[in-house]
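A.B. asks: What follows is a predicted protein model with its sequence.
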Amino acid sequence: MAQQTRKRATKKPSKNAVQQTRGQRRATKKPVAQATPQEDPFTSESSLLHVRKLHQQFTHAHLYYVCAVLSTALFVFSLVQGIIFHTLNAGIPSAELSLSLAFTLYLLAVFFLAIAWRCLERGKRHYRY
């Protein structure tokens, strides 16, 4: 066994062999990449799916903005109605009910705005070309 390992260690390359460095040997062993036709990035399936997802995110954000605007309008209406009922002394329970409804609608509007903002931010984060 010891003699065989010595023979391998002392074996000299043939005179016809071209001396190559380790990096050159690695470079020659790599397969050559075949040229493939390029896809149009705007019509590829993944790109179209990406655009659909973005459109869905922005559509959801706009729907939440519409809900927030409607909640804000109802909030202002309930607040004005509660103030009018309170100043006219037309009935304290109706004034308190209008003011509590106004506060609930205010919280609902803030909630819808927060969701819409999050949808838009998520859409902006994925909007990269």
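C.D. replies: Arrived safely.
A.B. asks: Can you check which helix is longest in this structure?
C.D. replies: In the chain, ranked by residue count with DSSP state H as the criterion, the top helix is helix 45-88.
A.B. asks: wouldn't residue 116 be in contact with residue 59 here?
C.D. replies: No. If you go by C-beta atoms under 8 Å, residue 116 and residue 59 don't touch, sitting 11.1 Å apart. Placement of C-beta: from N, CA and C, glycine included.
A.B. asks: And those two? Which one has more around it.
C.D. replies: Per other C-beta atoms under 10 Å, whichever of residue 116 and residue 59 has more neighbours is residue 116, with 20 against 12.
A.B. asks: show me the contacts for that one.
C.D. replies: By C-beta atoms under 8 Å, 6 or more residues apart in numbering, the residues touching residue 116 are 61-62, 64-65, 68.
A.B. asks: Secondary structure element holding it?
C.D. replies: helix 92-126 (DSSP states H and E).
A.B. asks: what's the angle from that helix to helix 45-88?
C.D. replies: Using axes from the mean of the first three to the mean of the last three C-alpha atoms, to 10 degrees, the interaxial angle of helix 92-126 with respect to helix 45-88 works out to 160 degrees.
A.B. asks: pLDDT averaged over helix 92-126 - what is it?
C.D. replies: Looking at helix 92-126 alone, the average pLDDT works out to 77.
A.B. asks: Could I get the buried residue list for that helix?
C.D. replies: 95, 98-99, 101-102, 105-106, 108-109, 112-113, 115-116, 119-120, 122-123 (16 or more other C-beta atoms under 10 Å).
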